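Participant: Sharing a model that was predicted from the sequence below.
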Amino acid sequence: MMRVIRVNDYQEISEKAFEEIKKTVTEKPDAVLGLATGSSPVGLYQLMIKDHQENGTSYREVRTFNLDEYVGLPKDHPESYYSFMHRNLFDGLDIKEENIHIPSSEGDLQEKCEQYNDALEETVIDVQILGIGSNGHIGFNEPGTSFDSVTHIVDLKPSTIRDNARFFDDDISKVPTKAITMGISNVMAAKKIILLANGENKANAIQACVMGPVTENVPASILQEHPDVIMIVDRTAASSLYKEKR
Ligand code: F6R
């Protein structure tokens with residue numbers, strides 16, 4: 001079942017998502033969290049750090065699995081998702097490094113996909129945090145990806161490369177063109193999914209995800225078939241809901 005929570009702004013998205021995460025780790029200190037990078041969850045991560053520092057909420061027994069990683073950036077590049085996650089979340093928590101899982105894109109890529117997938121198959125993610133691409137991607141599962149996909153290597157679509165250029169001095173040529181990502185079936189295996197979306201450029205993707213047909217052309221539309229999804233969207237991202245496609 002898909003529940004859409006419409007809030008006013010990014011701050012409220014972050015607060016709502018934080019309530020869910022705090023509840024999860026309080027009830028289950030060894031919870032498994034599925035995490036995303038990008039702008040959408042940064043406010044949530046800041047609230048998790050603040051709460052850990054002020055209230056002592058512990059992540060010592062929590063395990064995390066990230067959705068994806070760029071191919072072609074060394075792990076210590078500031079825009080690798082490894083660096084992003086440490087800078088924006090892990091360095092501010094008491095999580096153990098060995099409990100953090102981020103796909104590795106160094107070495108034999110096929111082997112890295114299989115290893116990550118094996119680890120995912122041995123685990124049940126309690127809560128998966130997702131953003132959504134302006135083209136409807138989840139993780140880096142671009143339009144056209146099979147709903148049955150598992151961890152795999154992808155070619156990023158030009159629209160995704162353009163969207164992500166803001167992290168690379170607005171220089172498209174610096175954005176990696178490939179990534180390793182959890183597949184859609186890995187994402188769907190999570191017990192609960194929380195998708196965060198803000199801003200006008202997400203409005204069409206949110207409309208297609210919530211109201212459109214379930215189609216591989218809009219990867220996020222498969223979430224309509226998941227038993228427990230919360231979509232937390234601000235006014236602008238929700239602006240095309242319940243209206244004809246613009
Ligand atoms: C990030 C990821 C992507 C992003 C999506 C939205 O790990 O898998 O699917 O969630 O591209 O990105 P932002 O939040 O930057 O708009």
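Facilitator: On my side now, so go ahead. Numbers count the residues shown, from 1 in each chain.
Participant: could you point out which element follows the helix or strand of the chain at the bottom of the mean pLDDT ranking?
Facilitator: Across the helices and strands of the chain, mean confidence by mean pLDDT, DSSP states H and E is lowest for helix 158-164: a mean of 94. Toward the C-terminus, helix 158-164 is succeeded by strand 178-181 as the next helix or strand (DSSP states H and E).
Participant: neighbouring strands for that following strand, and are they parallel or not?
Facilitator: strand 68-71 (antiparallel), strand 152-155 (antiparallel) (DSSP bridges).
Participant: how about that strand: buried residues?
Facilitator: Buried positions in strand 178-181, judged by neighbour count with 16 or more other CB atoms under 10 Å: 179, 180, 181. From N, CA and C alone the C-beta is placed, and that goes for glycine too.
Participant: closest to the ligand among those?
Facilitator: residue 181 (6.8 Å; CB to the nearest ligand atom).
Participant: which residues touch that closest one?
Facilitator: Residue 181 makes contact with 67, 68, 103, 139, 140, 141, 151, 152, 154, according to CB atoms under 8 Å, 6 or more residues apart in numbering.
Participant: out of those, who's near the ligand?
Facilitator: By CB under 6 Å from any ligand atom, the members of the contacts of residue 181 lying near the ligand are 67, 68, 139, 140.
Participant: can you pull out the strands in the protein?
Facilitator: 2-7, 32-35, 63-66, 68-71, 100-101, 127-130, 152-155, 178-181, 192-197, 229-234 (DSSP state E).
Participant: In JSON lines, list those along with mean pLDDT.
Facilitator: JSON lines is the format used below for the strands of the chain (pLDDT from 0 to 100):
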{"stretch": "strand 2-7", "mean pLDDT": "97"}
{"stretch": "strand 32-35", "mean pLDDT": "98"}
{"stretch": "strand 63-66", "mean pLDDT": "98"}
{"stretch": "strand 68-71", "mean pLDDT": "98"}
{"stretch": "strand 100-101", "mean pLDDT": "98"}
{"stretch": "strand 127-130", "mean pLDDT": "98"}
{"stretch": "strand 152-155", "mean pLDDT": "97"}
{"stretch": "strand 178-181", "mean pLDDT": "98"}
{"stretch": "strand 192-197", "mean pLDDT": "98"}
{"stretch": "strand 229-234", "mean pLDDT": "98"}
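Participant: between the ones you listed, which gets nearest to residue 170?
Facilitator: strand 68-71 (16.9 Å; CB to CB).
Participant: ok, residues contacting the closest one?
Facilitator: In this structure, residues lying in contact with strand 68-71 by CB under 8 Å, 6+ apart are 37, 79-82, 102-105, 109, 139-140, 153, 176, 178-182.
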